[in-house]
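In: can't give you the sequence, but here's the structure:
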């Protein structure tokens, strides 16, 4: 297959081109006086990122904001009509409630579990195995995860053979239990979906937090132990403060992913039975209702929702800089 | 993180090595760029050279005229003799085969698995004859992919259209090609009933064709179970309710309903409500309703919902109650009929459920073990009403390849290929009944072509936002039967909003 | 960065509380408890996937009607049909290669470009640095679907639609916000003394980057590589829109999704397809494992 040959060429060529850009750029930069160098250098290093972000994320965002002021087919200017429609839509309020549930529960559980697993497996014999197991769900596509959890949440009426693990398990252990359709019953269905999210993303948090833990100086930890601190104290007073910035990164990322949660909800319930989330609602408005204006308005709501998250990050970041 | 670096060489020693390496990389990089650019483009259609072939003339006589009522029970002998002549041979067209145009055509549709294989088989004779290649792209996210590509100016040549609503939308934006210049409209008028042609029109233009069709309104049952319990096939809705109540009083649940279907959950219920409205309130009310001129809270529509509610909101009537109904995929909902002992006895679903039944219950055979009877009459003045559905197909870019392909797809020879593979009906009158591979599809095809009042599913004819709200409304109704009035008034507000252009 | 910079200065504070610490017995129990917690989490995490694995060996009719755990007891009724069907599907081999062809550059490019940018954000000063950084991170929230039409329009105008470089660039753009966020965090946690020492020794920023910063950030780079690779490998929508689903360019995700027809029939094949599709990412994950574990900087400097 010549595609394979091209693949090899690309695998070698792409990094070469990317690094080559920088090397050539630096070469040229070195010809200039030092002060000019220092002023221009950051932009040389940032240029590819800024260019790509501009094309793929910034330009569409500006376009989205513009489209949110237009009608369904983006041809008639309607001003804030889409926003006022959404403000009075009860369905949207419910959707926002669900996103808040995701933000709180999903973030707390994934980060906490990720941290616990990263810390508890650190330098134990089975570390690689445990981390691989927890990370495995990330390798499964969302469609695959949907199928997997279908086998967990499936419902059959009492008396028929159960096909879902949760119902079968509870039926066998809890007396008087009658099977439940977990994805139908509000509000537990939201928690059921969040559980799937936790199952997928905890590995992500674990890997990052584990990488941060690996960077801790063995010296300082030994010194603390020599001074008589027990494991718990070391964790609280040495480890946690050290990896706090990474915890902040992971938490921020999880919060943003909660705002954007789409695939799991789309594949498992499609937002039915009060499980709708903003990203799914946006998808529905865009591709089912063919209303690009309203879909764009929901996207703008998402963009606005992230401002407080970023503000908190900026404040934490500034405080950190001062401490240094 | 406090840690110190461990470096074995001093930075200045590294310097020289790094610079050398960097220079080498830079040089190679400059070489790689043009190579990458050269190997990027995927194949594109070559320019056609010859004029397209003319359509083949139909060689078969039309099927015999409609006689029986559409409510004929399937267990009775077929009263209409099947057509005796037709070529249904799927090989070469009779017209001149001299023009090999080569090139390719891109097709985007939602078919996958066996459907994709059947479609590709349908296209193969065209490929053999023209030497052109069809590049098929399938996706279950057809709405998203098609809308995005059309909006961005990168549409496929031909595409399966998600429904008449979307088709009308694309037509309004001027994205669909008027097929009356591409197809032989005289032949089309002969081979297709007017309703099939009109359903694929928007703004007075023929912008679509139907690749295959399905019959809605079939009620499935287990033959042996009915025989041993001596249940009679009901001919009217009252008879059907009597039968259901009879089953209830013997301690069992008569109906099995499954509404789950991902983003389209609720559509089987919508189909049933469509059928009820058509037979209870009549075709005029039906038409006004899907055109947005009859309110959801009107007496007729509300009555239809409540009629359906007799089955759907009564836990004694529906197996597993609302939990089962809302969480069970529509393809699995016929299975309770065939369990041992059976959990349910009646299942409403379109003709394509046969492949699901046979896959999940391999020992169950058509006619012998399972069969269907057609939807009973509700109001005798609307007897002969039939609700059908179909897969729409449209053209976004006219090329010689796409034009000849779409023309080929409308011919009875092409249609027969998919019909023979099973699981599909053809709207083309010239596809003979004996092309159908089994009795059940034969019967369904007959009913579809013989109906005196033929309609497309109302939900599919509504604007997509309305259709979506309709589906979700049925779920809400099953979940909360007492909320019917507020559900209907919500649908009214969606109606007011979505029928504006 | 905040945290422990000087070891000895902290020790006295800990000493005070150390006196009140508990004896070795409780430590032992805590240690065992740790084992128990991990063991139960491992089981909890494995069981759902186990269900999928078992189901992939079961015939269609049984999957629909009985729970997968019934296959663990005789009669087993196991079959390889699902796997053979998937592996003999049209175009499976080609689409596997296509997936690799899409995923590898789409992993390497964002990694490098984000590393360049993260280095600039960490160790270079310029006006508006912090604002720009948080704007970049803020872009993490932009929903993918809103970018599809504008970008496709651009691609179509430039002739990049249906091409591999087009989709590489797209995935790079989408992956940059998180990559920059993560790498900046790791880069800036490197000790200032180390960077300054290199500068004093006459190393240019380029040299510092390639020979100092990158090697010491390998765990973060490895983590990022696996995330980005997974995201691109499992992506369906971006491929369908920018690359198209035609057989010659379709990645594995498209071929797998076509196993299921529009009515959902054939979904049982997804069980086997999921494992087949998972195989390569898992191989990559395991081979990158040693980079996760090796704490290159964990340890003291000698001399």
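Out: Nice, thanks for sending it over. Keep in mind the model is a prediction, meaning the values are calculated, not measured.
In: so is stretch C:204-219 next to chain B?
Out: Yes: applying Cβ under 8 Å from any Cβ of the partner chain, one finds stretch C:204-219 touching chain B at C:204, C:206, C:207, C:208, C:210, C:211, C:212, C:216. For every residue, glycine as well, the C-beta is placed using N, CA and C.
In: so stretch B:392-401, near chain C or not?
Out: No: judged by Cβ under 8 Å from any Cβ, stretch B:392-401 makes no contact with chain C; its nearest approach is 12.7 Å.
In: span of that stretch from start to end?
Out: Start and end residues of stretch B:392-401 are separated by 19 Å (Cα to Cα, to the nearest Å).
In: mind checking what secondary structure residue B:137 has?
Out: strand (DSSP: H, G, I helix; E, B strand; the rest coil).
In: domains of the chain?
Out: Let's take chain A. Listed by automatic domain parsing, the domain ranges of chain A are A:1-50, A:84-323.
In: wait, chain C was what I had in mind.
Out: What automatic domain parsing lists as the domains of chain C is C:13-79, C:85-293.
In: so where's chain C shaky on pLDDT?
Out: Where chain C drops to pLDDT under 70, the residues are C:1-23, C:291-303.
In: for residue A:120, which non-adjacent residue is spatially closest?
Out: Distances taken as Cβ to Cβ, 6 or more residues apart in numbering or on different chains place residue C:34 nearest to residue A:120, at 4.6 Å, with adjacent residues excluded.
In: just give the number of residues close to the one you found.
Out: 17 (other Cβ atoms under 10 Å in any protein chain shown).
In: before we move on, which element is residue B:297 in?
Out: In the assignment (DSSP states H and E), residue B:297 maps to no helix and no strand.
In: for it, phi and psi?
Out: Torsion angles at residue B:297 (phi, psi; degrees, to the nearest 10) stand at phi -90, psi 0.
In: among the residues of stretch C:204-219 next to chain B, which one lies nearest to chain A?
Out: Distance to chain A across the residues of stretch C:204-219 next to chain B (Cβ to the nearest Cβ) is lowest for residue C:206, with 4.7 Å.
In: ok, now how distant is the closest one from residue C:89?
Out: 48 Å (Cβ to Cβ, to the nearest Å).
In: ok, the two, which is more surrounded?
Out: residue C:206 (23 against 17).
In: the more buried one reaches residue A:22, doesn't it?
Out: Yes: contact criterion Cβ atoms under 8 Å: residue C:206 and residue A:22 qualify, at 6.9 Å.
In: just to revisit the earlier point, looking at the domains of chain A, which one is packed in the most?
Out: domain A:84-323 (a mean of 20; mean count of other Cβ atoms under 10 Å in any protein chain shown).
In: quick one: the helices in the stretch 101-250 of chain A, in order.
Out: A:107-121, A:127-139, A:142-153, A:165-173, A:188-214, A:218-226, A:231-234, A:240-260 (DSSP state H, counting those that start in this stretch).
In: can I get those in CSV with mean pLDDT?
Out: Shown next, in CSV, are these (pLDDT from 0 to 100):
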stretch, mean pLDDT
helix A:107-121, 94
helix A:127-139, 89
helix A:142-153, 90
helix A:165-173, 92
helix A:188-214, 93
helix A:218-226, 83
helix A:231-234, 80
helix A:240-260, 92
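In: which one of the ones you listed lies nearest to residue C:27?
Out: helix A:231-234 (6.6 Å; Cβ to Cβ).
In: so is that closest one next to chain B?
Out: No: judged by Cβ under 8 Å from any Cβ, helix A:231-234 makes no contact with chain B; its nearest approach is 14.1 Å.
In: packing partners of that helix?
Out: helix A:218-226, helix C:7-18, helix C:24-56 (3 or more Cβ pairs under 8 Å, 6 or more residues apart in numbering or on different chains; DSSP states H and E).
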